[in-house]
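**Q** Quick one, what's the 3D model for this:
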Amino acid sequence: MTNMRKDRVLKRINKKFLNGVAHRGLHNSLCPENSISAFKNAIDKDFAFELDVHLTKDNEVLVSHDSNLKRMCNKDGVIEELTLEEIKAKYKLPNGEMLPTLQEVLTITDEKVPIVIELKPYANTKNYKVLAKKVLELLRNVRNKGNFIIISFYPQCLLPFKKHEFVRCLLVDSKNRWTFIFRHFFEGLDLEYTLLKEIKYQKSFKKYFIMAWTIESVEELESVEDYIDSPTFQCIDIKDLVEFR
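**A** Numbers count the residues shown, from 1 in each chain. Purely as a prediction, here's the structure:
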């Protein structure tokens, strides 16, 4: 199986990805992670942003990093075991916002900035195919597929996007290094940045489009700048990031 060459990926994607990707939106003390306000903040600053998606019990695509809503909403509840109506009615983010659906985020963004979408399947139901199908349905009418990069730790989630010509990056972290063996199936890699201390991962830069997460200082960015195309960041002053890049 052949992969899209790196130079082709760089030609296809929105160049704003190369300036950095705001992890879970451009969040702060007033704008919680993965909230509409955090995404609007990224849009206002003209930065690409990353978000995470899960499937609700009634197969709606909801934006949230965690499957369990306790950390962000201070109330137990598993997204995959609740309907969208139940979540909207009973769960709120720290600033009072409702958790957004992917469709709501796509509507407010309107492709003004590009988005990295992480697919997070639920182990109890193994809903890889359904999650991918539902996200593809929501992306079917986008104007430019180069405005979206699809990422996941699970190759099963990424495979359905191939024939639809979206750029796909396989997530690899220090706890799940074994997924690196599947890199040949995808156009890019999204690596935990500490892995880039190792020659094995540094060599990937020549062949694959490389993203790295989650970079929280200019010093961390400096440590990997020679081996990445796009940093996923948080807690970095935008002025410092712009000047550096």
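
**Q** can I get the CA coordinates of stretch 182-202 in PDB?
**A** What follows is stretch 182-202, C-alpha atoms only, in PDB (Å, rounded to 0.1, in the frame of the first residue of the first chain):
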ATOM      1  CA  PHE A 182       0.500   1.100  11.500                       C
ATOM      2  CA  ARG A 183       2.000   4.300  10.300                       C
ATOM      3  CA  HIS A 184       2.300   3.100   6.700                       C
ATOM      4  CA  PHE A 185      -1.500   3.200   6.300                       C
ATOM      5  CA  PHE A 186      -1.800   6.900   6.900                       C
ATOM      6  CA  GLU A 187      -0.600  10.200   5.600                       C
ATOM      7  CA  GLY A 188       0.800  11.600   8.800                       C
ATOM      8  CA  LEU A 189       1.600  11.000  12.400                       C
ATOM      9  CA  ASP A 190       0.600  12.900  15.500                       C
ATOM     10  CA  LEU A 191       3.200  12.100  18.100                       C
ATOM     11  CA  GLU A 192       3.500  12.800  21.800                       C
ATOM     12  CA  TYR A 193       6.300  15.300  21.600                       C
ATOM     13  CA  THR A 194       8.600  13.600  24.000                       C
ATOM     14  CA  LEU A 195       8.900  10.700  21.500                       C
ATOM     15  CA  LEU A 196      10.800  13.000  19.200                       C
ATOM     16  CA  LYS A 197      13.900  12.700  21.500                       C
ATOM     17  CA  GLU A 198      14.400   9.300  19.800                       C
ATOM     18  CA  ILE A 199      16.000   8.800  16.400                       C
ATOM     19  CA  LYS A 200      13.300   6.300  15.500                       C
ATOM     20  CA  TYR A 201      10.600   8.900  15.500                       C
ATOM     21  CA  GLN A 202      12.800  11.700  14.200                       C
END
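
**Q** Enumerate the positions of it that are buried.
**A** Applying a neighbour-count criterion of 16 or more other Cβ atoms under 10 Å, one finds 182-183, 186-193, 195-196, 201-202 buried in stretch 182-202. Placement of C-beta: from N, CA and C, glycine included.

**Q** Show the subsequent helix or strand relative to the lengthiest helix in the chain.
**A** The residue-count maximum for a helix in the chain (DSSP state H) belongs to helix 128-139. Next helix or strand after helix 128-139 toward the C-terminus (DSSP states H and E): strand 148-152.

**Q** Could you list every helix and strand that the following helix or strand past that following strand packs against?
**A** Downstream of strand 148-152, the first helix or strand assigned by DSSP H and E is helix 155-158. Identification of packing neighbours for helix 155-158 by 3 or more Cβ pairs under 8 Å, 6 or more residues apart in numbering; DSSP states H and E yields helix 128-139, strand 148-152, strand 167-172.

**Q** make it 7 Å
**A** helix 128-139, strand 167-172 (3 or more Cβ pairs under 7 Å, 6 or more residues apart in numbering; DSSP states H and E).

**Q** Can I get these in TSV including mean neighbour count?
**A** Shown next, in TSV, are those (neighbours: other Cβ atoms under 10 Å):
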stretch	mean neighbour count
helix 128-139	18
strand 167-172	24
